[in-house]
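Colleague: model this:
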Amino acid sequence: MSNNDVRVRFAPSPTGPLHIGGVRTALYNYLFAKKNGGKLILRIEDTDQNRFVPGAEQYIIDSFKWCGIEFDEGVTAGGDYGPYKQSERKNYYREHAIKLIKSGHAYYAFDTPEELNKVRSDYEAEKRTFIYNADERKRLKNSLTLTDEETKALLLKGDPHVIRFKIPENEKVIMDDLIRGRVEVNSSVLDDKILFKSDGMPTYHLANIVDDHLMKISHVIRGEEWLPSLPLHVLLYDAFKWEKPKFAHLPLILKPDGNGKLSKRDGDRLGFPVFPLQWTDPKTGSVSSGFREDGYIAQAFMNMLALLGWNPGDDREIFSMDELAEEFTIERVGKSGSKFDPSKAIWFNHQYLIKENNNKLADMLLPIAESNGVLVEKDKMSKVIGIVKERANFAKDIWNQLDFFFVRPQEFDAKAVKKRWKHDSYDQMNELKDILYNINSFKSEHTEEVVKTWIENKEYGMGMVMNALRLLIVGALKGPHLFDIIAILGKDETLKRMDQGLNKLGRKE
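Modeller: Purely as a prediction, here's the structure:
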């Protein structure tokens, strides 16, 4: 198979918000396709009508748009192998289910739910587990135990029925997985799964196999929760006499404080999102947080996800999407689950935040400033962001780092005043005000040199003077380099803040 024949898919069900485990699966498929010059398909698997959630499909599409994952074919891009929504492909599935019946690989089962529950209860009473398998199907109501005439009569009468796969008896099923290697199971431990339901819809197992074949999927890269289904899927390919795709089952994303799959409950408990975008449940109205709304940069989110299960073979951590596609190989995906680390996610966002274009960040900060009653020119906002963003992890944090650039302090940090506003501070700051008034160039480096020379000549304490000045300018002992602050504020604003602060703080008694 040449690289041009590589075709992979991500096939979510619209049953709720997209978990970050699903986003990572889509990302690995995307990277694999890019690395190999192949195609990525988005297919919506909406055969389970009972679990369908309004808005979930659009949520999936919106999530990938934010994440930066582009699909070559599918519900958003079209293509030659559509439709790409399973509810629009029902005829394909019935046709193939009948083929399996005709070839002896499937059968009609007429057992009612009540009849099966009775059998299960009888087994439980004997402390046994009921499995609809090669042994049990011989004793139940299906086209294997009924005559052809009886079966046809029930079908003509319209009796409810399903189509089950006929698992071979006592046969070794050999499976190859690109991550886990060769796996073998005996068919005797498998049950005759339903392929076609009584509501006229296929189950995941049949629809998945038929679609992957008809869409010429070359590699099935999916979560390890589907590993138990692999024997059935391999047997289905064999029953249809189709070439099997290559399989790769990705490890789980684990909760931060222990084993087990990361869930929304873990995020709620520990205070972080597990969905890419905020999700509002249409039934309950409950809102689940999203990485986007929590202030994560999409590229940082994807970079973080890529390293949850895959490693580049060295200690590099920061990758662009193009670099990930260049480096990604299935061989470097681990078998074991990876614990999600909320602090590491924040670290990634910080790395991307400090590299982000200041004008882009300004576009995010201007509405925050306006909501606080402050109108700011974009150029000035961009300039200020450049000197404070290294102190922030999220764009929303930046406002708390720079609000004092645009609003004169009305209050002064009481603890800082008590500790840093000394008996000499009032007189020293009045002297310094005169020094600053007589400076012609208010550039940071020049002002710093003049002030430091004055402090040395007067033999004042550097820390004492600078802390007192910061209190007057900022209102607290925070912010970037003080001379950068007053250079941006300008001489007039700096002197006005000093006057206001001196009036409020006065001489220390």
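Colleague: switch to C-alpha atoms for all contacts and neighbour counts from now on
Modeller: Will do.
Colleague: can you map out the strands along the stretch 401-509 of the chain?
Modeller: Counting by DSSP state E, counting those that start in this stretch, the stretch 401-509 of the chain yields no residue ranges for strands.
Colleague: now swap in the stretch 151-300 of the chain and tell me
Modeller: Along the stretch 151-300 of the chain, counting by DSSP E, counting those that start in this stretch, strands occupy 162-165, 172-177, 181-186, 194-196, 219-223, 246-250, 253-254, 279-280, 287-288.
Colleague: I'd like these laid out as a markdown table, including mean neighbour count.
Modeller: Output for the strands of the stretch 151-300 of the chain, formatted as a markdown table (neighbours: other C-alpha atoms under 10 Å):
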| stretch | mean neighbour count |
| --- | --- |
| strand 162-165 | 24 |
| strand 172-177 | 15 |
| strand 181-186 | 12 |
| strand 194-196 | 23 |
| strand 219-223 | 21 |
| strand 246-250 | 21 |
| strand 253-254 | 22 |
| strand 279-280 | 18 |
| strand 287-288 | 14 |
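Colleague: Any chance of a markdown table for those, columns mean pLDDT?
Modeller: Output for these, formatted as a markdown table (pLDDT from 0 to 100):
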| stretch | mean pLDDT |
| --- | --- |
| strand 162-165 | 98 |
| strand 172-177 | 96 |
| strand 181-186 | 94 |
| strand 194-196 | 96 |
| strand 219-223 | 97 |
| strand 246-250 | 98 |
| strand 253-254 | 96 |
| strand 279-280 | 96 |
| strand 287-288 | 94 |
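Colleague: Can you lay out the ones you listed as a markdown table showing distance to Tyr437?
Modeller: A markdown table is the format used below for the strands of the stretch 151-300 of the chain (distance: least, C-alpha to C-alpha, whole Å):
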| stretch | distance to Tyr437 |
| --- | --- |
| strand 162-165 | 89 |
| strand 172-177 | 75 |
| strand 181-186 | 76 |
| strand 194-196 | 84 |
| strand 219-223 | 67 |
| strand 246-250 | 66 |
| strand 253-254 | 60 |
| strand 279-280 | 55 |
| strand 287-288 | 54 |
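Colleague: which stretch among these comes nearest Pro312?
Modeller: Nearest to Pro312 among the strands of the stretch 151-300 of the chain is strand 246-250; the distance by C-alpha to C-alpha comes to 16.1 Å.
Colleague: and Asp379, how many neighbours?
Modeller: The local packing of Asp379 (other C-alpha atoms under 10 Å) involves 12 other residues.
Colleague: Just the pLDDT at it, thanks.
Modeller: If you check Asp379, the pLDDT there is 94.
Colleague: Which helix or which strand is home to it?
Modeller: Under the criterion of DSSP states H and E, Asp379 resides in helix 378-388.
Colleague: ok, and for that helix, which residues are buried?
Modeller: Counting neighbours by 16 or more other C-alpha atoms under 10 Å, one finds that the buried residues in helix 378-388 are Lys378, Met381, Ser382, Val384, Ile385, Gly386, Ile387, Val388.
Colleague: Kindly present those residues as CSV, with separate columns for distance to Lys508.
Modeller: Below are the buried residues of helix 378-388 laid out as CSV (distance: C-alpha to C-alpha, whole Å):
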residue, distance to Lys508
Lys378, 40
Met381, 36
Ser382, 38
Val384, 33
Ile385, 35
Gly386, 36
Ile387, 33
Val388, 32
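Colleague: what sits against the nearest residue to Trp310 once chain neighbours are set aside?
Modeller: Nearest residue to Trp310 in three dimensions, chain neighbours excluded: Val333, at 4.3 Å (C-alpha to C-alpha, 6 or more residues apart in numbering). By C-alpha atoms under 8 Å, 6 or more residues apart in numbering, Val333 lies in contact with Ile179, Leu250, Gly309, Trp310, Asn311.
Colleague: Likewise for Asn142?
Modeller: Each residue near Asn142 by C-alpha under 8 Å, 6+ apart is listed here: Tyr107, Tyr108, Ala109, Phe110, Asp111, Thr151.
Colleague: out of the residues you listed, which are buried?
Modeller: Among the contacts of Asn142, those buried by neighbour count (16+ other C-alpha under 10 Å) are Tyr107, Tyr108, Ala109, Phe110, Asp111, Thr151.
Colleague: what are the ranges of the helices in the stretch 151-300 of the chain?
Modeller: For the stretch 151-300 of the chain, the helices defined by DSSP state H, counting those that start in this stretch cover 204-214, 230-240, 264-270, 298-306.
Colleague: looking at these, which is buried most?
Modeller: Highest mean neighbour count of the helices of the stretch 151-300 of the chain: helix 298-306, a mean of 21 (counted as mean count of other C-alpha atoms under 10 Å).
Colleague: low-scoring stretches of the protein, by residue?
Modeller: Applying pLDDT under 70 to the chain picks out residues 1-4.
Colleague: per-domain residue ranges of it.
Modeller: Residue ranges for the domains of the chain, per automatic domain parsing: 3-75+206-254, 90-196, 264-348, 357-405, 414-505.
Colleague: Could you say which one of the ones you listed comes nearest to Pro83?
Modeller: Checking those against Pro83 by C-alpha to C-alpha gives domain 3-75+206-254 as the closest, at 7.7 Å.
Colleague: How far off centre is that closest one?
Modeller: Centroid displacement of domain 3-75+206-254 relative to its chain, using C-alpha atoms, centre = their mean, to the nearest Å, is 16 Å.
Colleague: distance between the ends of stretch 287-305?
Modeller: Distance across stretch 287-305, first residue to last, is 23 Å (C-alpha to C-alpha, to the nearest Å).
Colleague: and it, how far from the chain's centre?
Modeller: Taking C-alpha atoms, centre = their mean, one finds the center of stretch 287-305 at 6 Å from the center of the full chain.
Colleague: so who does the nearest residue in space to His205 that is not next to it in sequence touch?
Modeller: In space, and not counting its chain neighbours, His205 is closest to Leu195: 6.4 Å by C-alpha to C-alpha, 6+ apart. Neighbour list for Leu195: Ala97, Val162, Ile163, Arg164, Phe165, Pro202, Thr203, Tyr204, His205, Leu206 [criterion: C-alpha under 8 Å, 6+ apart].
Colleague: can I get those residues in CSV with distance to Asp403?
Modeller: Output for those, formatted as CSV (distance: C-alpha to C-alpha, whole Å):
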residue, distance to Asp403
Ala97, 65
Val162, 65
Ile163, 66
Arg164, 66
Phe165, 66
Pro202, 58
Thr203, 56
Tyr204, 54
His205, 56
Leu206, 59
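Colleague: about what we covered before: between the buried residues of helix 378-388, which sits nearest Thr447?
Modeller: Distances from Thr447 to the buried residues of helix 378-388, taken as C-alpha to C-alpha, are shortest for Ile387 (17.2 Å).
Colleague: ok, that closest one to Asp363 distance?
Modeller: Counting by C-alpha to C-alpha, the gap from Ile387 to Asp363 is 16 Å.
Colleague: do the same with Trp421
Modeller: Distance from Trp421 to Asp363, by C-alpha to C-alpha: 37 Å.
Colleague: Compare these two and say which is more crowded by neighbours.
Modeller: Per other C-alpha under 10 Å, whichever of Trp421 and Asp363 has more neighbours is Trp421, with 23 against 13.
Colleague: Was I right to think the more buried one contacts Ala468?
Modeller: Yes - contact criterion C-alpha atoms under 8 Å: Trp421 and Ala468 qualify, at 5.8 Å.
Colleague: Give me the common contacts of those two.
Modeller: Joint contacts of Trp421 and Ala468 (C-alpha under 8 Å, 6+ apart) do not exist.
Colleague: can you pull out the helices in the stretch 1-150 of the chain?
Modeller: Along the stretch 1-150 of the chain, counting by DSSP H, counting those that start in this stretch, helices occupy 20-35, 56-67, 90-102, 113-125, 148-157.
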